[in-house]
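K.L.:
Sequence unavailable; structure follows:
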């Protein structure tokens, strides 16, 4: 598996994955684009404008104060299929260090249960090796057992829970040392 940034040639495959999410059954308490908010923007943007949106968000000078630059990566399996996506946030801002975390990921509904998320997170963690960030906060909702297992398989050490009064959810907070 590899992680790579989105490019124009991915449009057809991205739209197939987007439709996979749209047609999937909702999991109670988890919305379709949980972990990969960037895909939500495809509802209102054409593909070229979405690519520009992704590019803009990679640079701190383009973002409001207290936002983190972030990069969206596609997870490509050995058969050259997009099996999911993972977003990396490159700056430790307050909201991310409270309950958002520095990494968000999702495996497309038709590819879940195959171990892809564990491998995706491992590859994402490797991207921090040449940065100044040595401890990665990663979170999941307390009832998201699959994500909890993925984090723990990648060395996540449970710190505590955070009850978010704004959305009503309780988040499990884990740290992974790089």
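P.N.:
Structure's in. What do you need? Quantities reported herein were computed from a predicted structural model and do not represent experimental measurements.

K.L.:
SS state for residue 21?
P.N.:
Secondary structure state of residue 21, per DSSP: H, G, I helix; E, B strand; the rest coil, is helix.

K.L.:
Roughly how far does it sit from residue 4?
P.N.:
20 Å (CB to CB, to the nearest Å). (Each C-beta comes from the backbone N, C-alpha and C, glycine too.)

K.L.:
Who has more neighbours out of the two?
P.N.:
Neighbours were counted for residue 21 and for residue 4 using other CB atoms under 10 Å; residue 21 has more, 19 against 11.

K.L.:
ok, and the helix or strand in this protein with the lowest average confidence?
P.N.:
Using mean pLDDT, DSSP states H and E, the weakest-scoring helix or strand in the chain turns out to be helix 94-95, at a mean of 91.

K.L.:
so what strands line up beside the very next helix or strand once past that one?
P.N.:
On the C-terminal side of helix 94-95, the closest following helix or strand by DSSP states H and E is strand 103-107. Within its sheet, and counting by DSSP bridges, strand 103-107 is paired with strand 82-89 (antiparallel).

K.L.:
So for the strand it pairs with, what gets flagged as buried?
P.N.:
82-89 (16 or more other CB atoms under 10 Å).

K.L.:
Tabulate those (CSV), appending pLDDT and distance to residue 122.
P.N.:
Converted to CSV, the buried residues of strand 82-89 look like this (pLDDT from 0 to 100; distance: CB to CB, whole Å):
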residue, pLDDT, distance to residue 122
82, 97, 18
83, 97, 14
84, 96, 13
85, 97, 15
86, 97, 10
87, 96, 16
88, 97, 13
89, 96, 17
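
K.L.:
Columns distance to residue 28 on top of these, output as TSV?
P.N.:
TSV is the format used below for those (distance: CB to CB, whole Å):
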residue	distance to residue 28
82	26
83	24
84	21
85	22
86	23
87	23
88	28
89	26
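
K.L.:
Nearest to residue 177 among those?
P.N.:
residue 88 (16.5 Å; CB to CB).

K.L.:
Helices of the chain, residue ranges please.
P.N.:
11-23, 47-56, 94-95, 116-126, 145-153 (DSSP state H).

K.L.:
ok so, going back, ok, of the buried residues of strand 82-89, which one's closest to residue 38?
P.N.:
Of these, the one sitting nearest to residue 38 (CB to CB) turns out to be residue 87, at 6.3 Å.

K.L.:
where's the nearest residue to residue 112 once chain neighbours are set aside relative to residue 19, distance?
P.N.:
Once flanking residues are discounted, residue 112 sits nearest to residue 146: 7.6 Å by CB to CB, 6 or more residues apart in numbering. In this view, residue 146 and residue 19 are 22 Å apart by CB to CB.
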